[in-house]
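Colleague: Show me how the following folds:
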Amino acid sequence: MKPTTDPGAAKPLADRVIIVIDDDTALLSLMSTFLRRAGATVHVAGNGRAALALLETLHSAATSVHAVLCDLRMSGGSGMDLYRQLNSSMPWIVPRLIFSSGDLDSDDVRAFVDECSAQVLAKPYPLAELKRILAALPPPA
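Modeller: As a prediction, this is how the structure comes out:
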């Protein structure tokens, strides 16, 4: 006899729209694949400027974004720049930002982390921890 499984348990991020922003294409591919396998709909951007345009497009289409996972240091618009822009143009998305960085010791990053209210993960981080954080976020209002 086969044990029954809860379909929701197999796909803990089902019905979630997640944006992944990173200029490292290998990491972007890894994260988007991992999140899709967990059931999420994933959109990707290679920098903060592209992410802002993507967020504006999704907002115009009335697509609710569950979470935004963003690298802090990127050419073409950093996560820090994106945070400041979103704080004034789309403040409802700010509580859904999760930043990641391999450089949490530099002065500007430490100052930013102290300034912002977003969660920050130190790279490399366990994928299970990311999934736990994403699953714990309440649905968008």
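Colleague: Next, find the distance separating the spatially closest residue to residue 11 that is not a sequence neighbour from residue 62.
Modeller: Once flanking residues are discounted, residue 11 sits nearest to residue 39: 3.0 Å by Cβ to Cβ, 6 or more residues apart in numbering. (C-beta placed from N, C-alpha, C; glycine too.) Relative to residue 62, residue 39 is positioned 21 Å away (Cβ to Cβ, to the nearest Å).
Colleague: Pick out whichever of those two has more residues nearby.
Modeller: Higher neighbour count among residue 39 and residue 62: residue 39, with 16 against 6, using other Cβ atoms under 10 Å.
Colleague: How about the contacts made by that one?
Modeller: Residues in contact with residue 39 (Cβ atoms under 8 Å, 6 or more residues apart in numbering) are 10-16.
Colleague: quick one: which of those is nearest residue 134?
Modeller: residue 13 (5.9 Å; Cβ to Cβ).
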